[in-house]
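# Let's see this in three dimensions:
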Amino acid sequence: MARSLFIASLWLGTGHVEADERLRTPVMSRAEPAAGRRVWQQAPEYDGTDVYHVVYLPTDWQKDRTYPVIVEYTGNRYPAAASSGEIKDANLGYGLSGGKGFIWVCMPYVEKGRKKNAPTWWGDREATISYCKTNLPRICQRFGGDADNLFICGFSRGAIAVNFIGLADDEIAALWKGFITHDHYDGERMWPYAGSDRAAAIKRLARLRGRPQLVCSHKMTERTKEYLKDHLHTGDFTFLDVPVTKLFEVPVEIAHSHTDLWMCIDSPQRRQAREWLAEQLNEKSKPNE
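Model (predicted):
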């Protein structure tokens with residue numbers, strides 16, 4: 001059943017995040033992984049290349065405990081919005097968790113030639129999909145990720161990637177318990193790459209199989225709802241309008257209203273997003289199992 005969240009609701013305080021006014025996303029380092037640290041990691045298959053992913057362990061991380069995991073895909077390189085397209089500069093997943101209670105992983109788009117991460121669009125799409133399918137189980141095994149509580153999220157290009165990558169085939173689609181998009185959505189419009197057509201997007205959407213999606217946008221929610229109106233049976237959709245220009249002074253505080261930084265400040269919309277995430281954690285298993 002489709003739901004819409006347009007009225008501010010109270011943050012219920014589930015205990016996995018702390019109240020704050022403005023979060024500062026930790027800077028990536030090449031240090032050893034540790035609680036509260038965001039670090040560069042490389043898969044053994046890509047040794048000797050510049051392909052990498054980033055892992056953040058929550059401040060309450062302890063060995064031999066399990067934690068839900070937020071997997072993020074970043075937006076394109078877009079200088080007008082101060083978006084670098086680099087996974088080290090992602091913010092959405094950190095804002096969702098507040099740095100506590102969740103392992104946060106930023107996955108790469110593997111460039112064609114498989115020597116570096118792609119800052120724009122998909123690079124080698126099959127390599128990008130394979131990277132996630134191979135490395136997410138490894139990350140969970142090493143750091144205590146809960147395979148029954150994996151969430152995929154993304155901003156801009158990453159919002160499209162939630163379905164374009166996250167529902168690309170049955171194997172990767174089966175990983176996720178919930179999905180979060182911000183600004184753009186797979187299939188709502190054509191883009192300059194193969195598979196962006198609506199017919200292909202609807203085939204991917206069918207792999208959602210009733211699971212929850214939180215669809216956020218600062219100005220495009222109505223367009224996405226119009227696209228999805230004949231396909232609401234595929235999932236449990238929640239739509240969230242984010243008034244970025246009321247949260248920030250643009251371009252003084254941030255360069256553009258097309259941004260993932262909204263998740264890093266306290267607002268009714270962030271509280272609703274966190275509440276949605278907490279509700280999914282209370283579900284015992286993924287609905288498609």
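# Let me know the pLDDT of the residue lying closest to residue 212 once chain neighbours are set aside.
Excluding the flanking residues, the one nearest residue 212 by Cβ to Cβ, 6 or more residues apart in numbering is residue 236, at 4.3 Å. For every residue, glycine as well, the C-beta is placed using N, CA and C. Here, the pLDDT recorded for residue 236 equals 96.
# could you say what helices and strands the helix ranked longest in the chain packs with?
Taking DSSP state H as the criterion, the chain has its longest helix at helix 125-143. Judged by 3 or more Cβ pairs under 8 Å, 6 or more residues apart in numbering; DSSP states H and E, the packing partners of helix 125-143 are strand 53-56, strand 67-73, strand 103-106, strand 145-155, helix 170-173.
# go with 6 Å
Under the contact definition 3 or more Cβ pairs under 6 Å, 6 or more residues apart in numbering; DSSP states H and E, helix 125-143 sits against helix 170-173.
# Average pLDDT for the helix it packs on, rounded please.
Helix 170-173 shows a mean pLDDT of 98.
# Quickly run through the sheet partners of the following helix or strand past that helix, with directions.
Proceeding N to C from helix 170-173, the next assigned helix or strand is strand 178-182, under DSSP states H and E. As defined by DSSP bridges, the strand partners of strand 178-182 come to strand 145-155 (parallel), strand 212-217 (parallel).
# could you give the angle of the first one to helix 125-143?
Orientation note: strand 145-155 sits at an angle of 140 degrees relative to helix 125-143 (axes from the mean of the first three to the mean of the last three Cα atoms, to 10 degrees).
# Could you measure from the closest residue to residue 204 other than its chain neighbours over to residue 205?
Leaving aside its chain neighbours, residue 204 sits nearest to residue 167 (4.2 Å; criterion: Cβ to Cβ, 6+ apart). As judged by Cβ to Cβ, to the nearest Å, residue 167 and residue 205 stand 7 Å apart.
# Between those two, which has more neighbouring residues?
Neighbour count, other Cβ atoms under 10 Å: between residue 167 and residue 205, residue 167 has more, with 26 against 21.
# give the contact list for the more buried one.
Residue 167 makes contacts with 173, 204, 207, as judged by Cβ atoms under 6 Å, 6 or more residues apart in numbering.
# tell me the SS of the residue of the chain positioned farthest from its centre?
For the chain, the largest distance from the centre (Cα atoms, centre = their mean) belongs to residue 48, which lies 27.4 Å off. Per DSSP: H, G, I helix; E, B strand; the rest coil, the secondary structure class of residue 48 is coil.
# Name the nearest residue to the residue nearest in space to the middle of the chain, sequence neighbours excluded.
Nearest residue to the geometric centre of the chain (Cα atoms, centre = their mean): residue 153, 1.6 Å. Leaving aside its chain neighbours, residue 153 sits nearest to residue 180 (3.8 Å; criterion: Cβ to Cβ, 6+ apart).
# how many other residues sit next to that neighbour?
With neighbours defined by other Cβ under 10 Å, the count for residue 180 comes to 29.
# now swap in residue 30 and tell me
Applying other Cβ under 10 Å, we find 9 residues neighbouring residue 30.
# ok, what's across the strand from the nearest residue to it once chain neighbours are set aside?
Once flanking residues are discounted, residue 30 sits nearest to residue 40: 4.9 Å by Cβ to Cβ, 6+ apart. Beta bridges link residue 40 to residue 54 when assigned by DSSP bridges.
# For residue 51, give me phi and psi.
In terms of degrees, to the nearest 10, the main-chain angles of residue 51 are phi -80, psi 130.
# Quickly note the distance from it to residue 64.
In terms of Cβ to Cβ, residue 51 sits 30 Å off from residue 64.
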